[in-house]
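A.B. asks: Pasting a predicted model and its sequence here:
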Amino acid sequence: MKRVLIIGGCGRIGSQIARDILAHTEATVTVTGRSAQSGTAACQRLGQTVQFQWLDLANQTEVTEAIAAADLVVHTAGPFHYRDGRVLQTCIQQGVNYLDVSDERTFTQKVLALRAQAAAAGVTAVINTGVFPGISNSLARQGIEALDQADSVQLSYVVGGSGGAGVTVMRTTFIGLQHAFKAWVQGTWQWVKPYTAREHLTFPSPYGQAAVYWYDMPEGITLPETFALNSVVTKFGVVPDFYNYATWAMAHGLPSRVLRSPKTVEFLARVSHFMTGISDRFSGTGVAIRCDVRGQMSGQVAHHISYFQHPSTTRAVGVGAGSLAQLLLTGQLQRPGVHAVEQILPTDQFIKLLAARQLQVQTELTVATAEGT
């Protein structure tokens with residue numbers, strides 16, 4: 001029987017990943033945290049087969065011992081802006097496969113730098129799993145493979161209120177507003193300010209027309225590496241729309257030194273969490289992804305659009321990470337090294353994993369001559 005260690009597994013996202021693993025594999029699951037109270041609550045939610053282990057990531061000896069006893073480690077302890085690659089390094093040293101739900105550029109770059117070490121150790125590591133990033137990467141691969149040649153990808157995300165996540169995700173959002181980032185646009189890396197270039201797009205029901213803005217996501221660096229693309233755009237928005245205006249005001253109205261203060265981030269995260277706790281009753285906590293891939297098919301201009309929607313953002317994260325955990329635990333996914341999702345998960349397997357969870361992707365394809373006829 002395989003053993004799964006979910007670091008930070010007492011939180012909402014870690015618990016949903018545990019649920020998916022328990023539903024689709026025969027593995028045993030241990031969740032970790034730094035609070036016995038939260039550990040007890042997590043075990044009560046997940047069932048008697050789940051165990052809790054107290055673990056502080058700052059204690060390397062404890063981390064090493066916990067990882068050595070596992071067959072798969074799932075790292076969910078964000079915000080990943082504050083994490084390094086030591087959990088993955090320890091997995092490599094102990095010969096244990098690894099997943100994470102990281103969503104931050106610098107962390108992604110740190111763990112991708114461990115590719116050669118993971119490959120030499122026979123460790124398969126999949127990073128940026130979840131919904132966005134994660135399922136979004138697979139939508140991009142699906143659209144790219146549908147065309148003869150793909151020129152650009154735009155991934156757009158809309159979340160209802162808090163998305164059902166905790167304060168940690170709120171912190172991640174405001175940390176992401178602090179710095180301009182480089183985006184792959186027209187074949188060059190260009191600096192982009194977060195929460196700019198507001199755009200209205202159509203998403204699956206119940207969202208319809210919703211606003212999205214530039215936002216830094218790790219897909220923006222892994223997709224140009226994986227595929228020959230001229231541009232990769234990643235945009236994010238929230239419903240109801242007044243949260244977008246509030247976030248824009250924070251990103252562009254506060255002095256940089258104030259926005260970058262940990263106290264400011266904590267204050268904004270807790271206020272936002274309180275507010276969305278009220279509005280979630282009306283907006284829901286779901287997520288929708290739209291993936292626009294533009295290119296050519298049979299010498300003509302082609303536009304492939306795919307949509308994914310789930311009524312619970314946290315459950316969608318559980319699906320994205322849990323399905324990859326299932327493949328690793330059952331031996332269906334073995335490729336030593338460090339990989340983004342689109343680099344390791346075939347499209348047909350992605351569709352089968354969703355179908356097994358009663359989920360699907362909607363697609364549209366339009367083809368026209370350069371003159372538009």
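C.D. replies: Noted; the coordinates are in hand. Source: prediction; values computed, not measured. Numbers count the residues shown, from 1 in each chain.

A.B. asks: tell me, what residue is most central in the chain?
C.D. replies: Pro133 (2.9 Å; C-alpha atoms, centre = their mean).

A.B. asks: Does that residue touch Pro218 like I think?
C.D. replies: Yes: using C-beta atoms under 8 Å, Pro133 makes contact with Pro218 at a distance of 5.3 Å. To be clear about C-beta, it is placed using only N, CA and C from the backbone, and glycine gets the same treatment.

A.B. asks: Which neighbours do those two have in common?
C.D. replies: Taking C-beta atoms under 8 Å, 6 or more residues apart in numbering as the criterion, Pro133 and Pro218 both touch Ser102, Asp103, Ala340.

A.B. asks: for the stretch 101-250 of the chain, what are the low-confidence residue spans?
C.D. replies: 166-170 (pLDDT under 70).

A.B. asks: quick one: the strands in it?
C.D. replies: Taking DSSP state E, counting those that start in this stretch, the strands of the stretch 101-250 of the chain run over residues 124-127, 149-160, 181-185, 188-192, 199-203, 208-214, 231-239.

A.B. asks: okay, the ones you listed, which one's buried deepest?
C.D. replies: strand 124-127 (a mean of 28; mean count of other C-beta atoms under 10 Å).

A.B. asks: follow-up on the earlier one: can you add distance to Gln89 and give the strands of the stretch 101-250 of the chain back as a markdown table?
C.D. replies: As requested, the strands of the stretch 101-250 of the chain are exported to a markdown table (distance: least, C-beta to C-beta, whole Å):
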| stretch | distance to Gln89 |
| --- | --- |
| strand 124-127 | 10 |
| strand 149-160 | 29 |
| strand 181-185 | 25 |
| strand 188-192 | 28 |
| strand 199-203 | 39 |
| strand 208-214 | 32 |
| strand 231-239 | 28 |
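
A.B. asks: pLDDT of stretch 351-367, averaged?
C.D. replies: The average pLDDT for stretch 351-367 rounds to 97.

A.B. asks: export that stretch as PDB, just CAs?
C.D. replies: Extracted C-alpha coordinates of stretch 351-367, given in PDB (Å, rounded to 0.1, in the frame of the first residue of the first chain):
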ATOM      1  CA  ILE A 351      -9.500  13.900 -20.500                       C
ATOM      2  CA  LYS A 352      -9.900  10.400 -19.000                       C
ATOM      3  CA  LEU A 353      -8.900  11.600 -15.500                       C
ATOM      4  CA  LEU A 354     -11.600  14.400 -15.700                       C
ATOM      5  CA  ALA A 355     -14.200  12.000 -17.000                       C
ATOM      6  CA  ALA A 356     -13.500   9.600 -14.100                       C
ATOM      7  CA  ARG A 357     -14.500  12.600 -11.900                       C
ATOM      8  CA  GLN A 358     -17.600  13.400 -13.900                       C
ATOM      9  CA  LEU A 359     -15.900  16.500 -15.400                       C
ATOM     10  CA  GLN A 360     -15.300  17.600 -18.900                       C
ATOM     11  CA  VAL A 361     -13.800  20.300 -21.100                       C
ATOM     12  CA  GLN A 362     -15.900  22.300 -23.600                       C
ATOM     13  CA  THR A 363     -14.100  23.300 -26.900                       C
ATOM     14  CA  GLU A 364     -14.800  25.500 -29.900                       C
ATOM     15  CA  LEU A 365     -12.800  25.700 -33.100                       C
ATOM     16  CA  THR A 366     -13.100  28.300 -35.800                       C
ATOM     17  CA  VAL A 367     -11.100  28.200 -39.000                       C
END
